[in-house]
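Novice: Mind folding the following:
(chains A and B)
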Amino acid sequence: DTEVTQTPKHLVMGMTNKKSLKCEQHMGHRAMYWYKQKAKKPPELMFVYSYEKLSINESVPSRFSPECPNSSLLNLHLHALQPEDSALYLCASSQGPIGGTEAFFGQGTRLTVV
Amino acid sequence: ILNVEQSPQSLHVQEGDSTNFTCSFPSSNFYALHWYRWETAKSPEALFVMTLNGDEKKKGRISATLNTKEGYSYLYIKGSQPEDSATYLCAYYGNNRLAFGKGNQVVVIP
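Specialist: Take a look at the predicted model:
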């Protein structure tokens, strides 16, 4: 199994809603990542978890709250988002630190904030 | 901010023709350079992870070279096929970050 599974594939939420994005992998990878991609822009790193601990937070606003309940799961909790947060959210995992080993990506969650 | 530039941003290629495109990245604090292929409605898929200056890697009709001293990598597609249509992302790893370029969007015309 070389898949990273993200749910939901699409999400529309209001600015007062609370929702969560989920990411799951069963490759035994110990590093997991959240990226955000807006149209015609490169994917931008948001968070890195290494061995279930948050190791990098790229100054992401607190309305995005990551959680890694175990080594296979990564969540992104969303609260009080703004329309400009609408984007494709990609989850990735790698065997070790992402530098020397390839990352495996999910298909992404297309988020629309209304 | 890690500046990773890819050019050209998009290109149309006739089936059977070969093509190449460029990724440029900071030459300082280099650790690795990744190439991914991203087809519409699918996940980005790793093609190559390159770490050594002068490295060349090949996967079928696709190959890549790396020059870490001058900060660039080339991706080549030989004899393009319609299934090669995708966005090719390069990503530079340095300073504990994997930073992506905007991608090279390739459309192969049958």
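Novice: and the residue of chain A nearest chain B?
Specialist: The minimum distance from chain A to chain B, using CB to the nearest CB, falls at A:Glu102 (3.5 Å). Where you see a C-beta, it was placed from the backbone N, CA and C, and this is true even at glycine.
Novice: list the contacts for the residue lying closest to that residue once chain neighbours are set aside?
Specialist: Nearest non-adjacent residue to A:Glu102, counting by CB to CB, 6 or more residues apart in numbering or on different chains: B:Ala46, 3.5 Å away. When contacts are counted by CB atoms under 8 Å, 6 or more residues apart in numbering or on different chains, B:Ala46 touches A:102-104, B:34-36.
Novice: again, only this time at 10 Å
Specialist: Going by CB atoms under 10 Å, 6 or more residues apart in numbering or on different chains, B:Ala46 touches A:94, A:101-105, B:34-37, B:59, B:89, B:91.
Novice: Also B:Val49?
Specialist: By CB under 10 Å, 6+ apart, the contact list for B:Val49 reads A:94, A:98-103, B:32-36, B:55, B:57, B:64, B:91, B:93.
Novice: Return the per-residue confidence for whatever residue of chain B ends up closest to chain A.
Specialist: Closest residue of chain B to chain A, CB to the nearest CB: B:Ala46 (3.5 Å). Listed pLDDT for B:Ala46 reads 94.
Novice: ditto for A:Ile56
Specialist: Per the predicted model, pLDDT is 89 at A:Ile56.
Novice: What about it, how many residues nearby?
Specialist: Here the number of neighbours of A:Ile56 (other CB atoms under 10 Å in any protein chain shown) works out to 14.
Novice: Now do the helix or strand harbouring it: which elements does it pack against?
Specialist: Per DSSP states H and E, A:Ile56 falls inside strand A:53-57. With contacts defined as 3 or more CB pairs under 10 Å, 6 or more residues apart in numbering or on different chains; DSSP states H and E, the packing partners of strand A:53-57 are strand A:44-50, strand A:64-70.
Novice: How far off centre is the last one?
Specialist: What it means is strand A:64-70. 9 Å (CA atoms, centre = their mean, to the nearest Å).
Novice: can that strand be found next to chain B?
Specialist: No - Strand A:64-70 is not in contact with chain B by CB under 10 Å from any CB of the partner chain; minimum separation 16.5 Å.
Novice: Chain A contacts on chain B?
Specialist: Counting by CB under 10 Å from any CB, the residues of chain B close to chain A are B:2, B:4-6, B:9, B:30-36, B:38, B:41-51, B:89-94, B:96-103, B:105.
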